[in-house]
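S.K.: below is the sequence, then the predicted model.
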Number of protein chains: 2
Amino acid sequence: MSTQRLSEQGLDLLFRQARSQNGWRDQPVDDETLVTLYDLVRWGPTSVNSCPARIVFLRSTAAKQRLLPALSPGNVDKVLGAPVTAIIGYDAAFHHQLPRLFPHNPDVRDWFAQQPDLIELTALRNSSLQGGYFILAARALGLDCGPMSGFDHQRVDREFFGDDSCFPGMQVKTNFLCNLGYGDPDKLFPRSPRLSFEECCSLL
Amino acid sequence: MSTQRLSEQGLDLLFRQARSQNGWRDQPVDDETLVTLYDLVRWGPTSVNSCPARIVFLRSTAAKQRLLPALSPGNVDKVLGAPVTAIIGYDAAFHHQLPRLFPHNPDVRDWFAQQPDLIELTALRNSSLQGGYFILAARALGLDCGPMSGFDHQRVDREFFGDDSCFPGMQVKTNFLCNLGYGDPDKLFPRSPRLSFEECCSLL
């Protein structure tokens, strides 16, 4: 694969022209697209193939109503207007899956035994990596994203992961939220500046 | 942009056919490619446009020698064989940049004042998101990646960020490592399994 590269149009779609959306056009996102989205995200690399991300897609108004009390005020209308709001969480006991996910070294599970800080750090780092894959995979499918960090994590955890209704037997915690749909360009803010290569990168 | 999508070939390149590489062909990566890579990564969204990721590209043998004592034994040959090893770190005082990076609300910096846990969590989450953008942007440019978590973080921090040589005046910490180059398909492991949509996703 390494002699190929994306077209300039593809690079624009994923990186240079894509914008985080605040408002949404009245155009639904069907479940098949969400399945296709996950089927891309899951191939992205994670440490010891831990794959800790777990995702709840809120499509109905009733499901979104359960999220609203946890949101910062500025995020309420964004969620209500979006066709889908995804809760990107992580399995806080992901290591129990490692004998199956990392078959060439089943002992990897033992690296995490009695290491709650390492479990939490690994789950957060790798579910965030998968969050990056999620945002770019959504854009690759023609969707727009509106990622959000302004909410009460513990309240979302209690509401959606406090019982076994979403992920039976798993200990899932919330990482961040991401609206999905087709953005309304009239609701965009001016694009904020980015740091230069010289500020962020060092060549040794 | 939202009516476009990547071609099937593009989806294969980024997600479905891409593999984490263990061995490398003898083909260099020039500095211009690294600049182009960062110029894609920087457009990816981060919370309050915090852009916490900082990247050191180790190209010379002398620079890689400084990394070796911190590596797990299994990662030494991977690093020595790769044209470039990137240290993906984060600015642990990123909030000082927010008046410039988030100009429509300069008070955002104050959300983080005296909140070391929030700073650390935000920096880790968002530099990992940017790590996801980094891996997919590299693949978009035709590079292969070999991300690695097996190393002593504090030792890498001391060696590369213990003085002002890389990022003057910044408090940078290491998140993960990522080899870059053109992979040797003979060194690939069989692909590990992934979790199904039903195991990882819930539709509400």
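M.R.: That came through fine.
S.K.: setting aside sequence neighbours, what's the nearest residue to the residue positioned nearest the centre of chain A?
M.R.: Central residue of chain A (Cα atoms, centre = their mean): A:G131, 3.3 Å from the mean position. For A:G131, ignoring the flanking residues on the chain, the nearest one in space by Cβ to Cβ, 6 or more residues apart in numbering or on different chains is A:I88 at 5.0 Å. All C-beta spots, glycine's among them, are computed from the backbone N, C-alpha and C.
S.K.: look up phi and psi at that neighbour.
M.R.: A:I88 adopts backbone torsions of phi -90, psi 110, taken as degrees, to the nearest 10.
S.K.: paired strands for the lengthiest strand in chain A, with orientation please.
M.R.: Scanning chain A for the strand with the most residues, using DSSP state E, yields strand A:172-181. Neighbouring strands of strand A:172-181 in its sheet, by DSSP bridges, are strand A:84-91 (antiparallel), strand A:144-148 (antiparallel).
S.K.: distance from the first one to the middle of the chain?
M.R.: Put plainly, it is strand A:84-91. 6 Å (Cα atoms, centre = their mean, to the nearest Å).
S.K.: ok so, going back, thinking the residue nearest to the centre of chain A is in contact with B:S127, fair?
M.R.: No - using Cβ atoms under 8 Å, A:G131 is not in contact with B:S127; the gap is 11.9 Å.
S.K.: could you list the low-pLDDT ranges of chain A?
M.R.: A:1-3 (pLDDT under 70).
S.K.: quick one, helices of chain A?
M.R.: A:8-11, A:31-41, A:61-67, A:73-81, A:98-101, A:108-111, A:116-140, A:153-161, A:197-200 (DSSP state H).
S.K.: for B:L68, which of those helices is the nearest?
M.R.: helix A:108-111 (21.5 Å; Cβ to Cβ).
S.K.: tell me which residue of chain A lies closest to chain B.
M.R.: Minimum separation of chain A from chain B (Cβ to the nearest Cβ) falls at A:G132, amounting to 1.9 Å.
S.K.: what residues are up against that residue?
M.R.: Residues near A:G132 by Cβ atoms under 8 Å, 6 or more residues apart in numbering or on different chains: A:G44, B:G44, B:S128, B:L129, B:Q130, B:G131, B:G132, B:Y133, B:I135, B:L136.
S.K.: and the fifth one, what is it in contact with?
M.R.: Applying Cβ under 8 Å, 6+ apart to B:Q130 gives the contacts A:G132, B:V41, B:G44, B:T46, B:C51, B:P52, B:A53, B:I88.
S.K.: okay if I get these as a markdown table plus distance to A:P73?
M.R.: As requested, the contacts of B:Q130 are exported to a markdown table (distance: Cβ to Cβ, whole Å):
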| residue | distance to A:P73 |
| --- | --- |
| A:G132 | 27 |
| B:V41 | 31 |
| B:G44 | 26 |
| B:T46 | 21 |
| B:C51 | 25 |
| B:P52 | 25 |
| B:A53 | 29 |
| B:I88 | 34 |
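S.K.: quick one, which of those are buried?
M.R.: Neighbour-count burial (16 or more other Cβ atoms under 10 Å in any protein chain shown) is assigned, among these, to A:G132, B:V41, B:G44, B:T46, B:C51, B:P52, B:A53, B:I88.
S.K.: closest to B:W24 out of those residues?
M.R.: Taking Cβ to Cβ as the measure, B:W24 lies nearest B:I88 of these, at 18.5 Å.
S.K.: report the beta-bridge partners for that closest one.
M.R.: B:I55, B:F176.
S.K.: my read: it touches B:S127, true?
M.R.: Yes - between B:I88 and B:S127 there is a contact at 6.6 Å, judged by Cβ under 8 Å.
S.K.: common neighbours of the two, please.
M.R.: What both B:I88 and B:S127 touch, as defined by Cβ under 8 Å, 6+ apart, is the set B:A53, B:N175.
S.K.: that older thread, out of the helices of chain A, deepest packed?
M.R.: Most buried of those by mean neighbour count (mean count of other Cβ atoms under 10 Å in any protein chain shown) is helix A:116-140; its value is a mean of 23.
S.K.: ok, back up a step: give me every residue that touches the residue nearest to the centre of chain A.
M.R.: A:G131 sits in contact with A:A53, A:I88, A:P147, A:N175, A:F176, A:C178, B:S128, B:L129, B:G132, where contact means Cβ under 8 Å, 6+ apart.
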